[in-house]
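> Provided below for reference: sequence and predicted model.
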Amino acid sequence: MGWPILSFLIFFPLFSSLLIFILRGSEDQIKKNSIFITLGATAINFLVSLNLWYDFDPKASGYQFVEYKKWIINFVSYKLGVDGISLFLILLTTFITPLCVLSVINSVKFRVKEFFIALLLMETFMIGVFCSLDIFLFFLFFEGGLIPMFLIIGIWGGERRVYSALKFFLYTFLGSIFLLIAIITIYLQLNSTDVEELSKINIPVNLQYYLWWGFFISLAVKLPMWPFHTWLPDAHVEAPTAGSVILAAILLKIAGYAFIRFSIGLFPNASLFFSNIVFVLSLVAIIYTSLVALMQTDMKKLIAYSSVAHMGYVTIGIFSFSKQGMDGAIFQMISHGFISSALFLCVGILYDRVHSRLIDTYKGIVNIMPIFSFVFLTSSLANVGLPGTSGFIGELLTLIGVFKMNYIVALVAGLGVILSAAYMLWLCKRLIFGNFSIQGLGKNEKLLDLNLIEKIMLFSLIILIILVGVYPNIILDTISSSVDQTLSSINRQIIIKKSLVY
Amino acid sequence: MSSNFMLLPELILIISSFIVLLVGVFKENSYKILNFIILLTLLFLIFFLIFYFDEKKNFFGNFYSVDPFVNLIKLFILGSIVFTLLLSKQYLENLKLLKYEFLVIILISTAGMFVMVSANNFIVLYLGLELQSLCLYIMASINTKSTKSSEAGLKYFVLGSLASGLLLYGCSLVYGFSGTLNYLEISKFSSSQLISLKFGLVFILCGIAFKVSAVPFHMWTPDVYEGSPTAVTAFFAIAPKIAAIAAFVKFLNVPYINYFNEWKLLLIIISCASMFLGSVAAIAQSNLKRLMAYSSISHVGFILAGVTISTVQSLNAVVIYTFIYVIMKIGIFSCILTLKKKENYYENIYDLSGISKNHPLIALSFTILLFSLAGIPPLAGFFAKFYIFLSVLEQKMFYFATFGLLCAVISSFYYLRLIKIIYFDPPKDNFDQIKSSGLKISIALTTFIILVFFIQPSLLTEITLDVIKHIK
């Protein structure tokens, strides 16, 4: 590889945000130019990431496109690389960000320049998280992402934005101090923070237990896992549409990714030992948050709770230690990225027109907005896990994987599918079908169906949902060798430990 | 003479303060030119210290010493004095406080700080400490028209004298028990050999802890910070803190090195209490200066956490933290000094709600500095905390580290509240445009350093690591 493609992906948005920062002129000009620059930068980033996918060799084992530079002497190196698992999360990020830009063109009315700077910074941090092969570097990106997200929620959010932004920030910050302590301990005990090197070392089992908890607390907050999930509905409800989309589609995936890469990859024994705790928490999340979602009156909150439930599948898939489970978890993360973005964009579109997120406000909008209703229904069904959509593949694989490990877990998790069908379909029934009426809409106001930009955004997502749903091998083939490799190294370590014990 | 040229900085400071005094008495309205000359003098001293950085020498029969550690601290002090002069000029001009005495006092207190840092003997330490403290008392009450300022000065003086008294009493105990006041000679005693030296340790510790405003000797800080003119508060928050921390480090690691087990627990308690109180008490504050006072108490707590460990790594972390802390405080106070509307300066935190609309750049710098104070990566404030906790965890003190980081989370709340007021609240007032180039420079420079520190932290750590070896 001639050029540092990963560094480009990370720092190009940062560079463009600097460009926006120095923009001068009248307000309209600034707005137009910053939209133009952001859209261009994110589109270029997407194309570059497609190129990354094209150059990626799915058969090869280990990390590709590795970049290595010494950074802080004797301590941290600047090391980047991708494997099949992170590749698709990077693609997801670069794909969702331009959609976010499109979605806010009309809805962000003030401080447009700052909004796009925050959005681009967000992209930098998120791609950085998925690329870094050094735990400390990972932590920097992981934590740094708090700053733009805090500002996005707090400045452009809804009524209770301050409360939500503070809650989001403090929760995540509190969780991450344990991560920091764990990272420092890894460095002090094992003298390295390099993921590749660490995965070759057999970390002493006692140490693994402590470190695992350090990582787990932080990641459980970020995922979010029950009972640390309460920040998510607040943050989702108050964030602007683009913020919700980024939060649901990408930020939640960071924790899932980190579970695979660090919790499982570095501390396999501890992960196996504590996997029952994860199962219990995930099952509670699936059942409990689905029930909570059933009773929501706010659409965004409903989708937020459904996100928590769906992330529960991701964690049980990851901790099932089986190929199908792991495949399913990764697939579920990507598919949930598409589906939740589509749903949040739909809610955002409704909110832009009527300024209400309450379900009761709307009735029978299929009569006025047929195309919108089609999109909404499709993504709802995908969220439920209808065969033929991406949601189905993710849940199916996860459940198969878990069934091998523990069939009771699979059984309870299967119940969650039914519950998700209940709340999503009930939402659709109330929202879309029936006689048309909207509270608070003046007589002269007309509800317009999707315009061109909205069609582009939503249909690109719908096409992807169905495409990966029908032909999942696009993703599965590429992640397969990375998952195999992770699992084989885990199994090797676990077997070694077992042979030592007995 | 040839061997004593390392005393030049102190001599130059004293002599220039006399010159300023003379010129000021005989020539009216001479502040501007004097300010300029002093800036040049300070820059000369900075170059001098950089040039003779590696010089290591003892003077006057081990009463006084110069080594790279001392030189580095002196450089920090000089740098912060330069910034103080830059950012205070316009403020003093507006309050009609532009008196040459201000410059004289700053120079003399700088000399005091130098003596304090270089001291190799408890009496010299006391002399330096008193010299700078007396100047600080005067500076706190320099706004003679304001009762608050006079009150601050008086309060500082009364409490400060008490602390000095304790320190002096400690020194006399040390002398009584050991028969010497020299650092190097005291360091020869071990704790089993002369257990009574502990008494002196405790009293001297109290005296210096007062100067760094560590809990439970912090009571003066919020009042003095609030009462003093803002430019003076900025000065209080930076230069004397550097000197006191350096003296603290030196005092614990040179004469009392063998008493590590004795003072370790004391410092852990002081450090935990400072971190906790600084974080919690600031939440209820609505005055910016008072809030910054509590913020500096909590930062001192973090610094003392590094002092407690007393390994090469941790002292290195202390120096780094001090450096970054000073940079952040200079930036924050420069931002506070821009909150001006027609001769009036605003200090309430809710007055900040205007600036993001009308002064986007200041708001941005303010926000970056606040995030850095809260310790969010990748800003410099994170690295400061990171190095401290790296060294704490190296000693396997997990509870201590967790407690400290929890305090960091609590303290992040009030920084976030400021950011909330800056960005999320509807704009209120229109502040004046900043005219002072000194303020602009210091805001831009500090923000820049805070932002780019993460690119190559080793630049600083390599220097500090070398330097620490001279006291450890």
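That came through, no problem.
> is the top strand by length along chain A anywhere near chain B?
The single longest strand within chain A, with elements called by DSSP state E, is strand A:64-72. Yes - shown here: strand A:64-72 in contact with chain B (Cβ under 8 Å from any Cβ of the partner chain) through A:71-72. Every C-beta, even on glycine, is put in place using the N, C-alpha and C of the backbone.
> strands along chain A, start to end?
Using DSSP E, strands in chain A cover A:64-72, A:76-82, A:362-363, A:437-438.
> how about the second one: buried residues?
By that I understand strand A:76-82. Of the residues in strand A:76-82, those buried by neighbour count under the rule 16 or more other Cβ atoms under 10 Å in any protein chain shown are A:76-82.
> and what of the first one?
Of the residues in strand A:64-72, those with enough neighbours to count as buried (16+ other Cβ under 10 Å) are A:64-65, A:67, A:71-72.
> quick one: residue A:35 and residue A:116 touch, right?
Yes - contact status for residue A:35 versus residue A:116: in contact at 7.1 Å, counting by Cβ atoms under 8 Å.
> of those two, which one has the most company?
Between residue A:35 and residue A:116, counted using other Cβ atoms under 10 Å in any protein chain shown, residue A:116 has the larger neighbour count: 31 against 20.
> ok, the closest residue to that one other than its chain neighbours - contacts?
Distances taken as Cβ to Cβ, 6 or more residues apart in numbering or on different chains place residue A:38 nearest to residue A:116, at 4.2 Å, with adjacent residues excluded. Going by Cβ atoms under 8 Å, 6 or more residues apart in numbering or on different chains, residue A:38 touches A:16, A:20, A:101, A:116, A:119-120.
> quick one: which of those is nearest chain B?
When the contacts of residue A:38 are ranked by distance to chain B (Cβ to the nearest Cβ), residue A:20 comes first, at 12.7 Å.
> residues in contact with the residue nearest to the closest one when sequence neighbours are not counted?
Among residues not flanking residue A:20 along the chain, residue A:34 sits closest, at 4.7 Å (Cβ to Cβ, 6+ apart). Residue A:34 is in contact with A:20, A:23, A:112-113, A:116, counting by Cβ under 8 Å, 6+ apart.
> neighbour-wise, give me the winner out of these.
Counting neighbours by other Cβ under 10 Å, residue A:116 leads the contacts of residue A:34 with 31 neighbours.
> wait, that residue sits on residue A:17?
Yes - in this structure, residue A:116 is within contact of residue A:17 by Cβ under 8 Å, at 7.4 Å.
> hmm, back to that, anything in contact with each of residue A:35 and residue A:116?
Residues within reach of residue A:35 and of residue A:116 at once, by Cβ under 8 Å, 6+ apart, are residue A:101.
> number of nearby residues for the residue of the stretch 101-250 of chain A found nearest chain B?
Closest residue of the stretch 101-250 of chain A to chain B, Cβ to the nearest Cβ: residue A:177 (3.9 Å). Taking other Cβ under 10 Å as the neighbour definition, residue A:177 ends up with a count of 23.
> OK, contacts around residue 440?
Because you didn't say which chain, this covers chain A. For residue A:440, the contact set (Cβ under 8 Å, 6+ apart) comprises A:354-356, A:361.
> not quite, I wanted chain B
Contact partners of residue B:440, counting by Cβ under 8 Å, 6+ apart, are residue B:434.
> so it is in which element?
Assigned by DSSP states H and E, residue B:440 belongs to helix B:437-452.
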